[in-house]
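Colleague: please work out how this folds:
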Amino acid sequence: MLRVGMTYDLREDYLAAGYGEEETAEFDSPATIAAIEQALAANGVAPVRIGNIRALAQRLAAGERWDFVFNICEGLSGAGREAQVPALLEAYGVPCSFSDSLVMALSLHKGLTKNVLRDKGVPTAPFAVIETMADLDALNLPFPVFAKPVAEGTGKGVSPASRAAGPAALRKTCRSLLAKFHQPVLVEAYLPGREFTVGVLGSGRSAEAIGVLEVTLSDRAEAGIYGYVNKEECESRVIYRLATDETASKAAAVALAAWRALGCRDAGRVDLRCDSVGEPQFMEVNPLAGLHPTHSDLPILAAAAGIPYERLMGRILRLGLQRAGLLRKPGAQEAQGQDGTRQIAAAE
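Modeller: Coordinates of the predicted model:
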């Protein structure tokens, strides 16, 4: 049986160390880790808990190895924090789930990602990256605009103040975000239309959109923004609905174009919002999507599309194992691969 290591950032560990609620918003709960562990075991592998990057580094240095690592580490600091675990595993020759270190580093920076996709012809709203307040003097975007930290997730830094109707409001928001997050601010033309998140499984030409989830806000939500507060309390503030109309199909096509252009792998989400004429525009990609069974968007989307959690996790696992050459043909006996690695059956 394949030994599959599990790398993750446990939120309660960082809270106990003195970090704040918003700082740790992307990290995982014990319930998430337990659910992943159970799903991996149910899909025919032996899960081994490792923990965060420091625990991983210690165990690698001590000589421990795994056939494969199922990685959900978001990282704590630095613009390349989501790339740190994949890069370390690449250095030791241990294959892991989801996108490689290059994609993880690029995609965390929303401005650089939009630059790449704009050059590839993927529709995305006009934007600018504000590194200092002086950069606002050269801003040439029509108001209203939307401002958020360039390299955060889980809606961190997104609040009602993110939508700026004029220069004074934008300056106030940018000054606050620069001071709080110590990173550039992405400012883009405001998109007033429907909002979607598209779940994607696979890599390259074989990638597929498994569903398009429309995100709408309830009467209890902060109005007009799918930000940190609404995401943290999504059960009472957000309404999710599987969308299958023509606009949703367009959103899926844009999402797949972005996914393939960036070289994303295995599974993740692409977020989009429609412009004033109803055309879906790329906002951001999440190649390391949350995996809580009932609180995270990708499992919510998959369940709505008829893919239960255990089967979703099995599909993600097998996509990674297939890339790593660790799958054998159904019906064959488990055997050593040509490179000495053990293999697991490909059938779900």
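
Colleague: what is the mean pLDDT for the helix or strand hosting Val187?
Modeller: In the assignment (DSSP states H and E), Val187 maps to strand 185-189. The average pLDDT within strand 185-189 is 98.

Colleague: same check, this time on stretch 198-209
Modeller: 97.

Colleague: quick check: Gly166 touching Phe143?
Modeller: Yes. Gly166 lies in contact with Phe143 (CB atoms under 8 Å); the separation is 5.5 Å. The C-beta positions use only the backbone N, C-alpha and C, and glycine is treated the same way.

Colleague: name the residue in the two with the higher neighbour count.
Modeller: Phe143 (14 against 10; other CB atoms under 10 Å).

Colleague: state the distance from the more buried one to Ala169.
Modeller: According to CB to CB, to the nearest Å, Phe143 and Ala169 sit 9 Å apart.

Colleague: then Tyr228?
Modeller: For Tyr228 relative to Ala169 (CB to CB), the value is 19 Å.

Colleague: look up phi and psi at Phe127.
Modeller: Taking degrees, to the nearest 10, you get phi -150, psi 170 for the backbone angles of Phe127.

Colleague: count of residues packed around the closest residue to it other than its chain neighbours?
Modeller: Leaving out its chain neighbours, the residue that sits closest to Phe127 by CB to CB, 6 or more residues apart in numbering is Glu188, at 3.8 Å. The tally of other residues near Glu188 (other CB under 10 Å) stands at 22.

Colleague: OK, contacts around Glu188?
Modeller: 114, 124-128, 141, 145-146 (CB atoms under 8 Å, 6 or more residues apart in numbering).

Colleague: what does Phe98 give?
Modeller: Taking CB under 8 Å, 6+ apart, we find Phe98 in contact with 71, 86, 104, 265-268, 287-288, 320.

Colleague: same question for Ile53.
Modeller: When contacts are counted by CB under 8 Å, 6+ apart, Ile53 touches 7, 73, 75, 84-85, 88.

Colleague: would a markdown table of the residues you listed with secondary structure and pLDDT be doable?
Modeller: Shown next, in a markdown table, are the contacts of Ile53 (DSSP: H, G, I helix; E, B strand; the rest coil; pLDDT from 0 to 100):
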| residue | secondary structure | pLDDT |
| --- | --- | --- |
| Thr7 | strand | 98 |
| Cys73 | coil | 96 |
| Gly75 | coil | 93 |
| Gln84 | helix | 98 |
| Val85 | helix | 98 |
| Leu88 | helix | 98 |
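
Colleague: for beta bridges, what are the partners of the residue most central in space within the chain?
Modeller: Taking CA atoms, centre = their mean, the centroid of the chain lies closest to Asn286, which sits 2.5 Å from it. Taking DSSP bridges as the rule, Asn286 bridges to Arg269.

Colleague: just to check, it is in contact with Asp271?
Modeller: Yes. The criterion here is CB under 8 Å, and Asn286 meets it with Asp271 at 7.1 Å.

Colleague: which residues do the two both contact?
Modeller: Counting by CB under 8 Å, 6+ apart, Asn286 and Asp271 have no contacts in common.

Colleague: quick check: buried residues in the strand of greatest length in the chain?
Modeller: Looking across the chain with DSSP state E, the single longest strand is strand 208-217. By neighbour count on 16 or more other CB atoms under 10 Å, the buried set for strand 208-217 is 209-215, 217.

Colleague: out of the residues you listed, who's nearest Ala17?
Modeller: Nearest to Ala17 out of the buried residues of strand 208-217 is Val215 (CB to CB; 32.5 Å).

Colleague: partner residues bridging the closest one?
Modeller: Note on Val215: beta-bridge partners Glu195, Tyr240, judged by DSSP bridges.

Colleague: same check on Phe282?
Modeller: Applying DSSP bridges, one finds that Phe282 bridges with Thr124, Leu272.

Colleague: hmm, back to that, return the member of the contacts of Phe98 nearest to Phe27.
Modeller: For the contacts of Phe98, the nearest to Phe27 is Leu288 (11.9 Å; CB to CB).

Colleague: residues in contact with the closest one?
Modeller: 72, 74, 82, 98-99, 104, 268.

Colleague: which stretches of this structure form strands?
Modeller: Per DSSP E, the chain carries strands over the ranges 3-7, 46-51, 68-71, 127-130, 145-149, 163-164, 185-189, 195-201, 208-217, 238-242, 267-274, 280-286, 327-328, 344-345.
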